[in-house]
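Undergrad: Model the following, please.
(one chain, ligands or ions: 2)
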Amino acid sequence: MRGRVFLGRIQSVLYDRGRGEFLKVFRVIGDSEPGLDLADGSTARGSRRGPDPPKPSKSTGFRRDGPRKVMPSVTLLVPTMNEIEGMRQIMPEVRDEWCDQILVVDGGSTDGTQEYARSRGYDLVVQQRRGIRHAYIEAFPHVRGEIVVTFSPDGNSVARLIPDLARKIADGYDMVIASRYLPGARSDDDDVVTAFGNWAFTKLINVLHGGRYTDAFVMFRAYRTKLFWDLELDREDAYAPERLFGTVIGVEPLLSIRAARRGLRITEIPGDEPARIGGERKLRIFRWGAAYLVQTLREIYYWRPKS
Ligand SMILES: Nc1nc2c(ncn2[C@@H]2O[C@H](COP(=O)(O)OP(=O)(O)OP(=O)(O)O)[C@@H](O)[C@H]2O)c(=O)[nH]1
Ligand SMILES: [Mg+2]
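TA: Numbering: from 1, shown residues only. Ligands and ions are numbered 1, 2, ... in the order given. Here you go, the predicted model:
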């Protein structure tokens, strides 16, 4: 594993289909950063996450949540790149009982984000290839939950909606989006350009691919983990248009397109997007916009949903 940063003891070894190689998964140990202060005033010694949550049963893959209710297991997937301010403020709002795994995938932060994730006892993957979609492609083999909730710790995602998103999947939906544009929600992070871009792309995806989205772009959403593979989001060729513009794009637009084309059970709930906390915006508006446009048009003929 070229350049891999060893951050904890080896938890397991997985085969990564996309890269055709074996990956080592590191369980990051909770008491590794003595003296690091946490945003909620506690210290980093020991994991705040408490005892391990109930394990998925071997027969059903579902964990039992109380005497009657059965909940699929949930992984909170948290991509980070120099987001220490957001992490310190937001992550303590995530309650232990909401997820079975918190998996941080870091793009090489130098501001203490990785150390913070370790101090909280989160699973941590340090991505090897640059760009947000590579963060997902490298992290997904380590996702243990049947449900994945993708969560931005920069302040844009509202933590208390995590259980609402997961519950909708347990109710039978394949994907649930925390829409910034449903009545009752608002974005304080948008500017005129991003608001128009999100609106226009969402309309285009609806018209071309049969979606009924109000927000096809937002990161904060829950879906069945296996969709990542079923919709072939791990395949390099799906993102070829980005090369025309010298950038690396995200997976959410493609996920929205292919989920709609496949006719999956999709719903949205209103989800405010508060303004970013600290750090720097990573979005490359014009390059990404151009690459997403080509990708959205290309998908009309490029990808055929399996029946
Ligand atoms: N691991 C990893 N995380 C990234 C990368 N790019 C962005 N992120 C993180 O992904 C999360 C969501 O980022 P976004 O909200 O999509 O981008 P942003 O820079 O905040 O821009 P806007 O929210 O659209 O204004 C943040 O925590 C970022 O730090 C990357 O290349 N690798
Ligand atoms: Mg953001």
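Undergrad: going forward, measure contacts and count neighbours with C-alpha atoms only.
TA: Will do.
Undergrad: Report the beta-bridge partner residues of the residue positioned nearest the centre of the chain.
TA: Residue closest to the average C-alpha location in the chain (C-alpha atoms, centre = their mean): residue 150, at 2.5 Å. Counting by DSSP bridges, residue 150 is bridged to residue 77, residue 221.
Undergrad: show me the contacts for it.
TA: Residue 150 makes contacts with 76-78, 219-222, as judged by C-alpha atoms under 8 Å, 6 or more residues apart in numbering.
Undergrad: Closest one of these to residue 173?
TA: Of all the contacts of residue 150, residue 222 has the smallest distance to residue 173: 9.5 Å, by C-alpha to C-alpha.
Undergrad: So the closest one sits against residue 179, correct?
TA: No: Residue 222 lies out of contact with residue 179 (C-alpha atoms under 8 Å); the separation is 11.6 Å.
Undergrad: Neighbour count for these two, which is higher?
TA: Neighbour count, other C-alpha atoms under 10 Å: between residue 222 and residue 179, residue 222 has more, with 30 against 27.
Undergrad: Leaving out chain neighbours, which residue sits closest to the more buried one?
TA: Closest residue to residue 222 apart from its sequence neighbours, by C-alpha to C-alpha, 6 or more residues apart in numbering: residue 149 at 4.2 Å.
Undergrad: again, but for residue 261
TA: Once chain neighbours are set aside, the closest to residue 261 by C-alpha to C-alpha, 6+ apart is residue 209, at 5.7 Å.
Undergrad: What confidence value was assigned to the residue nearest to the centre of the chain?
TA: Residue 150 is assigned 98 on the pLDDT scale.
Undergrad: what's the answer for the one 3 residues further on, then?
TA: We note a pLDDT of 98 for residue 153 in this prediction.
Undergrad: from what I can see it touches residue 90, true?
TA: Yes: taking C-alpha under 8 Å as the definition, residue 153 is a contact partner of residue 90 at 6.1 Å.
Undergrad: out of these two, which sits in the more crowded spot?
TA: Taking neighbours as other C-alpha under 10 Å, residue 153 and residue 90 compare with residue 153 leading, 26 against 21.
Undergrad: what sits against residue 270?
TA: So residue 270 contacts 178-185 (C-alpha under 8 Å, 6+ apart).
Undergrad: Adding pLDDT, secondary structure and distance to ligand 1, write those out as a markdown table.
TA: Below are the contacts of residue 270 laid out as a markdown table (pLDDT from 0 to 100; DSSP: H, G, I helix; E, B strand; the rest coil; distance: C-alpha to the nearest ligand atom, whole Å):
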| residue | pLDDT | secondary structure | distance to ligand 1 |
| --- | --- | --- | --- |
| 178 | 98 | strand | 13 |
| 179 | 98 | strand | 14 |
| 180 | 98 | coil | 12 |
| 181 | 98 | coil | 15 |
| 182 | 98 | coil | 18 |
| 183 | 97 | coil | 20 |
| 184 | 96 | coil | 20 |
| 185 | 98 | coil | 16 |
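Undergrad: Only the buried subset of those residues, as a ChimeraX command please.
TA: In ChimeraX, this line selects whichever of the contacts of residue 270 come out buried by 16 or more other C-alpha atoms under 10 Å:
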select :178,179,180,181,182
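Undergrad: what would the contacts of residue 270 look like in a markdown table with distance to residue 262?
TA: As requested, those are exported to a markdown table (distance: C-alpha to C-alpha, whole Å):
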| residue | distance to residue 262 |
| --- | --- |
| 178 | 20 |
| 179 | 20 |
| 180 | 24 |
| 181 | 23 |
| 182 | 23 |
| 183 | 27 |
| 184 | 29 |
| 185 | 27 |
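Undergrad: From the contacts of residue 270, pick the one nearest residue 301.
TA: residue 179 (27.6 Å).
Undergrad: how about the strands in this protein?
TA: 9-16, 21-27, 62-64, 70-72, 74-80, 101-106, 123-126, 147-150, 175-179, 221-224, 266-270 (DSSP state E).
Undergrad: what residue ranges in the stretch 51-200 of the chain score low on pLDDT?
TA: For the stretch 51-200 of the chain, residues meeting the criterion pLDDT under 70 lie at 51-69.
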